[in-house]
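Trainee: test case, fold it:
(2 chains)
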Amino acid sequence: MILPQIQIARGHWILGALFLAIILDEYLPLIGRDDQPARSRSPLIGWALMIGGAGVWATVIFADVVHDMLVHFLWGDLLLAAGALELARRRGVYERPWLDYVLPLAILGCGLLFLVHVEIDPEGQGARWHLSMGLLLVAAGLLELLRLRWPRVAAIPLGLPALAAFALLLIAIPVAAAS
Amino acid sequence: MTPRSMGFTAIRRASASVGLAVLLLLLVPAVASAHAVLETSTPSFGDVVAEEPVRLTLEYDEDVVPGLAQVSVLTPQGRDLAQAPQVSGSTVTVPLDRGPKGSYTVRWRMVAGDDGHVTEGAFSFGVDARPVAPVPAAGAGIPLAPEILVWLEFIGIALAGGTLVFRALITAPVMRRIGGSGEDEGRIAVAIAAIGAVVALHAALFSFLVGAYPVVGGDLGDFVDAEIIPIRLSTHLGQAFTYSCFAWIGVIALIVGAWVHPRRREALLAVAGVASLAIAFGLSWAGHPAAGGTLLLLADYAHLLAAALWFGGLVALVALAAGVRSHPDRAETFRACLLRFSALAPAAVVALAGAGVGVAIGELPSLSAIVTTGYGLVLVGKTAIFAVAIALAAYHRYSVVPRVAARASAGGLRETLITEVVILGVALALAAVVSQTAPPA
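Mentor: Next up, the predicted model:
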């Protein structure tokens, strides 16, 4: 089975829309019962990362060129590992202080892999899109790490604008290609 | 707002966003935007043509450099029918000499006109015959022994399949009978199975790439830009890779589900274990036994299954024994599991030996081939190592287990179990060598 290119473009659409919904669920400020900012405990992001990891591994399997397989398997591993750890933390079966860093580091790692993708195939059709998306994820990851290390901004979702821009870029790819 | 209502709000918000996105998806046309190298060819890969074609036409997604285009079209006998390629923009036409009927291998290498990137690929088509997988290029190899990757796949299957089936058939019933939460043992089983599934998934990926490289040929550095679809689709290696990778991802999801849902752990782990053992069929299907008929294929699969159950069960026993050291209260659990395993393990050993003999009879053309061919000699070595493992298993079964059953001292059991695991690991390594050695004709 070969995935038609149109399905790949639609895949970007689906991923972008899902990603937007999930990061809004994860990062929009919530007010707890005590009127204080509350941290999301929704397992949605964990399952989303797992499903995203499985989806990226599917890209490994259906890749048409070897370098796509190599970049995407690292990406899939990162998402699967981050998803498993986030799920375990949010369901209370595995809790460690360092787990706070999992999500920001996963976002940062995915951004770096986008940049590696561009480096390997700088003339590829999606190179400029990949570069923009990689930079947005790197910025979001770094800002979320900053939020962890700087208590004064802990209640402000610093990475949300960059993550939302990333999701909108994903959604825009097929629209731009169609125009 | 209560935490519970916060959760519902989040779910509603996400559901609404996803619904809106899917709606928009249906309304807006999507267009291609992904990477492509060879777009079409005539004949295409997998085609069967009635008469030998007089030319091969390749269409690329961008212009290629005329002077650097390389194309070979090999007959089943290895004769190259291709004349000098004629390039016009992104179209490459290759006049062909006349050849016999059979499966033809096309191997191409192009340099892109804009950025100078090298791409390459291989595929096969048939002339009045069903095309078989593209033949490997002469002299192309990869500095990473495929045997190591196959061995890692064996180990992964044994760790995920063997330890989880051990848990379903042995540990879980024991825990139900003697009581106890089994929480720690469950986490250990999850960890061992997760390691096995992750190792097997990655070994499957790299096994496929190592197997695909000689088919494409050319420089190893250029292989990263090789087009891989024809090899994935037209070879047992590629088809097994496709299905086994998807299945391993499913197994990993089940294991993670078991980790985060302790109440459903046993059921999820049991399904993951059975699925892991089912994936092992792909290894047999992509190997030499597949060419020997259904019976030989099933014998090879049974051989692999039995080895996985034996090895995985032993690893699970060693993990339980290690737990007894730090938690003496778990000694009764270990004792009951050992007794139950020793009652079931002989069936796996008998199946292993019987299926192994069946595979040897099917693969070896004569008795003398055991000592006159490389395949036969590796087989002898593997059998000898398995014989040592069986001897140690017999020592456990007939000397140690009766003492454990009588609650007498069985000092050093953990060490001898580890020794048996190591010996079986070596035997599996030799089995991987056998799987990569061509049987004598």
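Trainee: what ranges does chain A have for its strands?
Mentor: A:30-31, A:37-38 (DSSP state E).
Trainee: longest helix of chain A, counting residues only.
Mentor: Identified as the longest helix of chain A according to DSSP state H is helix A:66-90.
Trainee: what about the spatially most central residue of chain A, distance to residue A:79?
Mentor: A centroid search over chain A (C-alpha atoms, centre = their mean) returns residue A:107, at 5.4 Å, as the residue closest to the centre. Applying C-beta to C-beta, to the nearest Å, the value for residue A:107 to residue A:79 is 10 Å. Heads up, the C-betas are built off the backbone N, CA and C, glycines and all.
Trainee: residue A:169 contacts residue A:130, correct?
Mentor: No - using C-beta atoms under 8 Å as the test, residue A:169 is too far from residue A:130 to be in contact (9.7 Å).
Trainee: higher neighbour count, those two?
Mentor: residue A:130 (22 against 17; other C-beta atoms under 10 Å in any protein chain shown).
Trainee: right, and that one touches residue A:116 too?
Mentor: No - taking contacts as C-beta under 8 Å, residue A:130 lies outside contact range of residue A:116: 9.6 Å.
Trainee: quick one: classify the nearest residue in space to residue B:346 that is not next to it in sequence as helix, strand or coil.
Mentor: Using C-beta to C-beta, 6 or more residues apart in numbering or on different chains and skipping residues adjacent in sequence, the residue nearest residue B:346 is residue B:397, 7.0 Å away. Residue B:397 falls in the helix class when you classify it by DSSP: H, G, I helix; E, B strand; the rest coil.
Trainee: now do the same for residue B:397: its pLDDT.
Mentor: For residue B:397, the model assigns a pLDDT of 91.
Trainee: what is the burial count for the residue of chain A found nearest chain B?
Mentor: At 2.6 Å from chain B, residue A:17 is the closest residue in chain A, using C-beta to the nearest C-beta. By other C-beta under 10 Å, 23 other residues sit near residue A:17.
Trainee: let me know the pLDDT of it.
Mentor: 81.
Trainee: before we move on, what about residue B:32?
Mentor: 33.
Trainee: and the stretch 151-300 of chain B, which of its residues are near chain A?
Mentor: The stretch 151-300 of chain B comes close to chain A at residues B:201-202, B:205, B:209, B:212, B:223-229, B:232-233, B:241-242, B:245-246, B:249, B:252-253, B:256, B:259-262, as judged by C-beta under 8 Å from any C-beta of the partner chain.
Trainee: of those, buried ones?
Mentor: Neighbour counting over these (16 or more other C-beta atoms under 10 Å in any protein chain shown) leaves B:201-202, B:205, B:209, B:212, B:223-229, B:232, B:241-242, B:245-246, B:249, B:252-253, B:256, B:259-260, B:262 as the buried ones.
Trainee: among the residues you listed, which are in strands?
Mentor: B:226, B:227.
Trainee: now, the buried ones among the residues of the stretch 151-300 of chain B next to chain A that are in helices?
Mentor: B:201-202, B:205, B:209, B:212, B:229, B:232, B:241-242, B:245-246, B:249, B:252-253, B:256, B:259-260.
Trainee: just so I have it, where are all the helices in chain B?
Mentor: For chain B, applying DSSP H gives helices covering B:3-27, B:146-157, B:163-166, B:172-178, B:183-216, B:229-234, B:236-260, B:265-285, B:294-326, B:331-363, B:369-372, B:374-395, B:401-405, B:413-435.
Trainee: what angle separates the fifth one from helix A:66-90?
Mentor: Orientation of helix B:183-216 against helix A:66-90 (axes from the mean of the first three to the mean of the last three C-alpha atoms, to 10 degrees) gives an angle of 170 degrees.
Trainee: point out where chain A drops to low pLDDT.
Mentor: Applying pLDDT under 70 to chain A flags residues A:1-11, A:29-40, A:123-125, A:174-179.
Trainee: ok, which stretches of it are helices?
Mentor: Assigned by DSSP H, chain A shows helices spanning A:5-27, A:44-62, A:66-90, A:102-120, A:127-149, A:160-178.
Trainee: residue closest to the middle of chain B?
Mentor: Note: chain B centre (C-alpha atoms, centre = their mean) maps to residue B:204, 4.3 Å.
Trainee: contact partners for that one?
Mentor: Residue B:204 sits next to B:153, B:241, B:244, B:245, B:248, B:282 when contact means C-beta atoms under 8 Å, 6 or more residues apart in numbering or on different chains.
Trainee: could I get those in a markdown table, plus columns for pLDDT?
Mentor: Output for the contacts of residue B:204, formatted as a markdown table (pLDDT from 0 to 100):
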| residue | pLDDT |
| --- | --- |
| B:153 | 94 |
| B:241 | 87 |
| B:244 | 90 |
| B:245 | 91 |
| B:248 | 94 |
| B:282 | 85 |
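Trainee: from the residues you listed, pick the one nearest chain A.
Mentor: Lowest distance from chain A to the contacts of residue B:204 (C-beta to the nearest C-beta) belongs to residue B:245, with 5.1 Å.
Trainee: ok, how many other residues are close to the closest residue to residue A:157 other than its chain neighbours?
Mentor: In space, and not counting its chain neighbours, residue A:157 is closest to residue A:27: 4.1 Å by C-beta to C-beta, 6+ apart. Residue A:27: 20 surrounding residues under other C-beta under 10 Å.
Trainee: residue A:27: what's it in contact with?
Mentor: Counted by C-beta under 8 Å, 6+ apart, residue A:27 has contacts A:40, A:157, A:159, A:160, A:163.
Trainee: next, find the distance separating residue B:410 from chain A.
Mentor: Residue B:410 sits 34 Å away from chain A, going by C-beta to the nearest C-beta, to the nearest Å.
Trainee: contacts only, for that residue.
Mentor: Here residue B:410 is in contact with B:400, B:403, B:404 (C-beta under 8 Å, 6+ apart).
Trainee: now these as TSV including distance to residue B:177, pLDDT and neighbour count?
Mentor: Converted to TSV, the contacts of residue B:410 look like this (distance: C-beta to C-beta, whole Å; pLDDT from 0 to 100; neighbours: other C-beta atoms under 10 Å in any protein chain shown):
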residue	distance to residue B:177	pLDDT	neighbour count
B:400	22	90	19
B:403	21	90	13
B:404	17	88	18
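Trainee: contacts with chain A among the residues you listed, please.
Mentor: Counting by C-beta under 8 Å from any C-beta, no member of these is near chain A.
Trainee: so which of those residues comes closest to chain A?
Mentor: residue B:404 (33.1 Å).
Trainee: quick one, what contacts that closest one?
Mentor: B:335, B:338, B:339, B:410, B:413.
Trainee: quick check: the farthest pair among those?
Mentor: Maximum pairwise distance among the contacts of residue B:404 (C-beta to C-beta): 12.4 Å, between B:339 and B:413.
Trainee: more neighbours, the two?
Mentor: Per other C-beta under 10 Å, whichever of residue B:339 and residue B:413 has more neighbours is residue B:413, with 20 against 15.
Trainee: picking up where we left off before, which of the contacts of residue B:404 has the weakest pLDDT?
Mentor: Lowest-confidence member of these: residue B:410, scoring 70 (pLDDT).
Trainee: since that was my last question, I'll sign off now.
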